[in-house]
Every structure is written in structure tokens, then in C-alpha cells.
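Novice: fold the following.
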Amino acid sequence: MHLDLLFNPKSVAIVGASDHPGKIGNTVVFNVLQGSPRKLYPVNPNEEEVFGLKCYPNIKSLPEVVDLAVLAVPAKLTISVAKECAEAGVPYIICIAAGFGEIGEEGKAMEERLRETIRGSKTRVIGPNTMGIIAPRSGLDTFFTPIDRSPRPGDGVISVISQSGSVLCGVYEGAEDTGVGLSTAIGLGNKVDLNENDFIEYFKNDDLTRCIVLYLESFTDGRRFLDLCKEITPNKPVVAIKVGRTERGAKAASSHTGALARGSDALINGVFRQFGIERAYDEQELLDYSKVLANLDHIDGDRIAVLSNTGGFAVIATDYIESKENGVGLRMATISEQAKKEIMSRTLYFASAQNPVDLTGSVTDETYGEVLEILQKEKDIDAILILLQLQAPQLTEGLADIVARIVNEGGKPAIVCAIGGSFPRPMLKKFEQKGIPAYGSLKRAVWSLRTLYDRGVYLKRIAAHDE
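Specialist: Residues are numbered from 1 along each chain as shown. Here you go, the predicted model:
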């Protein structure tokens with residue numbers, strides 16, 4: 001399916017546009033105006049101007065057929081406006097209003113009327129009960145959350161598809177806060193028309209998307225979903241939260257979007273593993289796993305080297321890496337004797353060249369870089385965890401440039417973890433912006449390594465099956 005026009009429309013109409021701050025129709029117009037230049041038509045029979053733009057009474061009165069119409073009107077008006085859009089030939093509609101299938105039988109009947117309204121036309125619908133979409137790549141933002149309360153991420157290579165607006169907010173705000181870019185973020189809402197499979201199929205062929213992220217409360221067509229993932233996951237990682245793991249969770253999902261959360265949790269687990277879908281359980285894991293997979297894709301083995309300037313956290317990392325209980329069950333790599341000699345020749349006498357390598361609090365940017373270069377050449381290392389205590393007095397912002405250069409030249413996958421409060425956060429962002437996945441939590445960093453390993457195992461399995 002070609003959705004290019006949806007993500008980069010040349011013209012947008014906001015039905016229900018308002019010149020009154022605090023109204024959803026006001027926020028949507030403001031957000032669209034902040035993006036890349038495109039024709040914008042406010043539509044509201046009760047307004048003359050919105051943000052200085054001429055306001056039109058209805059869709060039929062617009063000077064052209066717009067590419068996208070955002071309906072910021074109540075549920076009871078959505079169907080009639082959608083009909084007007086379909087009759088005018090508007091290709092895409094985003095229906096923001098809640099009050100449909102999630103409220104019960106009356107709402108489900110309204111959803112069916114909405115489906116009937118567009119049936120036989122060329123108009124496609126997102127929603128209802130949706131946040132809308134943002135596409136940083138094209139500067140499109142149709143969300144109804146104010147930017148000052150809900151900061152948007154920059155452009156990136158991760159595309160997020162969510163059946164929940166709040167989860168979508170959690171993911172994209174978390175991405176912005178940590179310096180991770182997104183390619184697109186889509187609120188599915190109640191899925192009366194366009195659904196997760198439509199977008200997955202689009203992103204399968206989208207060169208600007210390196211990882212697809214999903215939050216699902218139901219499968220529109222489970223067989224189609226798995227067929228698509230079978231095609232995609234050998235080349236592009238997919239990370240997903242599937243909720244409704246408990247009876248109460250399934251009921252909550254139903255009342256949230258009118259979804260029916262089918263399938264036992266054990267079944268979902270097995271199917272995800274079989275088809276190479278990395279499963280997450282909250283918004284933090286969703287972002288952690290997607291960013292490491294988008295940048296590094298996988299690692300070929302389970303041998304991890306830890307390069308640190310903090311002894312205690314390095315010991316904790318070792319336990320996390322090797323333990324199968326309260327850990328990830330990987331292995332600490334063996335460093336060759338020659339490499340140990342080279343490391344000690346570049347460090348102070350009280351440093352340690354064992355794995356974990358401890359450069360101590362007296363380390364400099366240059367020493368970190370020299371030792372990282374040595375580890376990059378070791379054949380028995382599959383990935384490197386760079387564990388930083390950035391409070392060390394001789395470390396500077398230049399360390400991010402040094403690490404990024406060496407990792408890109410050496411080719412051995414590496415991630416960064418920096419422990420602390422507010423001080424390390426700007427540096428973590430800088431690492432992310434240079435394509436080095438960075439974490440402020442040791443546990444999250446180690447589990448991200450496990451995610452890379454699991455994907456490597458999956459890729460080996462399907463490669464062996466194809467031989």
C-alpha cells in the first residue's frame with residue numbers, strides 16, 4: 001500500500017479548527033503550522049479566521065481537494081463530515097473523536113456506520129479515537145497534544161504504530177528525552193479501516209525505517225500479521241507489546257479501544273519467538289530494544305566485554321551478564337594475554353585488564369579510546385558494553401566523538417551505559433545522536449545486549465533453515 005501522501009501531504013484540512021486556545025481544533029492547527037510548509041485549510045462554520053488563516057464553512061467549500069483531513073469534531077459529527085470528505089474525494093481522514101466502539105454497542109454501531117460511509121470510495125480512515133500521526137521526516141504533526149507539554153522527537157529510523165495514544169505519547173516523549181529520533185509515530189485508535197497490517201506492509205519497503213515498533217491490544221488479521229512479520233524480520237527488526245496477558249488486562253483492552261485481546265500469553269510468546277518478533281512489556285523496553293536493534297541489528301555471539309571506569313558497577317554488570325537468574329545468561333568474553341599487556345601499557349598500574357576492564361576514576365578520554373581500539377581487534381569478543389562514570393574529572397564531552405569514531409571504524413557492536421543523575425544525561429543524548437545506543441540504567445543496557453543476541457540467534461536459525 002502506498003501511504004506516501006498520508007505521511008507527506010501537500011494540503012491539509014482541519015475540520016473543527018478553532019481560534020480559541022485550549023480547544024483540540026486550535027492545538028491541531030497550531031501543531032500542523034509548526035511543521036514543514038504545506039497548504040492548511042481551517043474548516044469551521046462558526047469561525048472566520050484561525051491563526052490568521054481564512055476559515056471555510058465545510059469541506060465542499062475548499063478551493064481544492066485536500067490530501068488529508070483531520071476531523072477534530074465530536075463523535076456525533078464525525079460520520080457526516082467523513083461522508084462529505086469521501087464524496088469530495090479526500091484520500092485520507094484522521095478521526096480524532098472518542099465515543100465509538102470503546103463505549104459499547106452504541107459506539108460499535110457508529111463505527112459500522114463510519115465504515116459504510118467510506119465503503120466503495122477511495123478514502124481511507126485512521127481511527128476513530130486516535131492521536132493521529134507525526135512524521136518528523138516530513139514535518140507533519142497532527143497530534144492534539146500541545147508541543148510544550150509533550151515534546152516531539154527529531155527525525156530518526158524507528159517507526160511506531162500504537163493502538164493506544166497514551167502509550168504512543170510515552171514512547172515518543174521518551175525518545176525525545178533521550179535523543180532518539182523517530183521516522184513516524186501512528187495512533188491506530190479503533191482501526192475501523194487502516195490497521196497495523198497496512199502500516200507494517202508500508203514500512204517493510206520503507207528504506208528510512210530500520211525498526212518497526214508496535215503496541216497492540218488486538219490483531220486485526222493475525223494470519224496476515226504473521227505472514228508480514230515472516231517477510232520482514234529477516235531484514236528489519238520488529239519489537240512489539242501485546243497486552244491482554246491476563247483476564248483483567250484483556251477486559252481493560254476491550255474497554256479501551258473496543259479491542260478483543262485474543263490468544264493466550266504463552267501462545268503469543270511462542271509465536272513471537274518463532275517469527276523473530278522481539279517482545280517488550282512496557283514503553284521503556286519498547287524504546288530500549290528498538291533503538292539498539294535499529295542501530296546495531298544483532299550480535300553474532302554471546303561473548304561480552306565490559307570496558308569501565310567504575311569498579312562496583314562493572315561487577316554488577318558481570319553478574320547481570322552471566323547469571324541466568326536475575327540476569328541475561330550471556331558470557332563474559334576472554335581477553336587475550338597480548339591484549340591485556342597492551343591495555344596495561346596504556347593505563348595506570350592499579351587498573352585491571354581482566355574482563356571487566358577497569359580503567360579507574362583516573363581515566364582520560366584518550367585512554368578510553370586506546371583501550372577500546374584494542375578490544376575492537378579481539379576476535380573472541382562479540383559486543384562491548386562501555387560502562388561510564390562520567391563524573392570522573394578527566395572525562396569530557398569529546399569522549400562521545402572518540403567512541404563513535406572507533407566503533408564505526410572497528411565494526412564491533414558497542415553500547416554505552418552511564419550511571420548517575422542529571423549530569424550524564426546530555427552525554428547520553430550525544431551518544432545517541434552519533435548512533436551509539438546509550439542507557440542510564442545498567443539493567444536496561446544489559447537486557448538490550450540480550451535483545452541483540454536473541455536476534456542473532458533468530459537470524460542464524462532462519463539462515464540454517466534456508467540452506
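Novice: all the helices of the stretch 251-400 of the chain, residue numbers only.
Specialist: For the stretch 251-400 of the chain, applying DSSP state H, counting those that start in this stretch gives helices covering 265-274, 283-296, 311-322, 337-344, 365-376, 398-410.
Novice: which of the ones you listed sits most buried?
Specialist: helix 283-296 (a mean of 25; mean count of other Cβ atoms under 10 Å). C-beta: built from backbone N, CA, C; applies to glycine.
Novice: so what's the gap between it and the chain middle?
Specialist: Relative to its chain's centre, helix 283-296 lies at 7 Å (Cα atoms, centre = their mean, to the nearest Å).
Novice: that one vs helix 398-410, what angle?
Specialist: Counting by axes from the mean of the first three to the mean of the last three Cα atoms, to 10 degrees, helix 283-296 lies at 50 degrees to helix 398-410.
Novice: any weak-confidence spans in this protein?
Specialist: In the predicted model of the chain, residues 1, 244-264, 467 satisfy pLDDT under 70.
Novice: how does it divide into domains?
Specialist: 1-129, 151-297, 299-463 (automatic domain parsing).
Novice: distance to Phe143 added to the ones you listed, as TSV?
Specialist: Shown next, in TSV, are those (distance: least, Cβ to Cβ, whole Å):
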stretch	distance to Phe143
domain 1-129	6
domain 151-297	8
domain 299-463	22
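Novice: Pro136: which of those domains is closest?
Specialist: Smallest distance to Pro136 across the domains of the chain (Cβ to Cβ): 4.2 Å, for domain 151-297.
Novice: so which of the helices of the stretch 251-400 of the chain is nearest Asp4?
Specialist: Of all the helices of the stretch 251-400 of the chain, helix 283-296 sits nearest to Asp4, with 21.2 Å by Cβ to Cβ.
Novice: that closest one - contacts with which helices or strands?
Specialist: If you count contacts as 3 or more Cβ pairs under 8 Å, 6 or more residues apart in numbering; DSSP states H and E, helix 283-296 packs onto strand 155-162, helix 165-178, strand 211-216, strand 238-242, helix 442-466.
Novice: out of the ones you listed, which is the most enclosed?
Specialist: Greatest average neighbour count among the helices and strands packed on helix 283-296 goes to strand 211-216 (a mean of 26), per mean count of other Cβ under 10 Å.
Novice: just the angle for that one relative to helix 265-274, thanks.
Specialist: 170 degrees.
Novice: chain center to strand 211-216, what's the gap?
Specialist: For strand 211-216, the distance to the chain centre is 7 Å (Cα atoms, centre = their mean).
Novice: pull the CA atoms of that strand into CSV?
Specialist: Only the C-alpha atoms of strand 211-216 are listed here, as CSV (Å, rounded to 0.1, in the frame of the first residue of the first chain):
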residue,chain,number,x,y,z
CYS,A,211,13.0,-0.9,13.0
ILE,A,212,9.2,-1.3,13.4
VAL,A,213,7.7,-0.8,16.8
LEU,A,214,4.1,-1.9,17.8
TYR,A,215,1.7,-1.6,20.7
LEU,A,216,-1.3,-3.8,20.1
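Novice: residues touching it, excluding its own?
Specialist: Under the contact criterion Cβ atoms under 8 Å, 6 or more residues apart in numbering, strand 211-216 has outside partners 157-164, 167-168, 171, 196, 200, 203-204, 232, 236-243, 283, 286, 290-291, 293-294.
Novice: give me the sheet partners of that strand and which way each runs.
Specialist: Using DSSP bridges, strand 211-216 pairs in its sheet with strand 155-162 (parallel), strand 238-242 (parallel).
Novice: can you list those in a markdown table and add distance to Gly361?
Specialist: A markdown table is the format used below for those (distance: least, Cβ to Cβ, whole Å):
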| stretch | distance to Gly361 |
| --- | --- |
| strand 155-162 | 34 |
| strand 238-242 | 36 |
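Novice: indicate which one of those strands is closest to Leu428.
Specialist: Per Cβ to Cβ, nearest to Leu428 of the strands paired with strand 211-216: strand 155-162, 15.5 Å.
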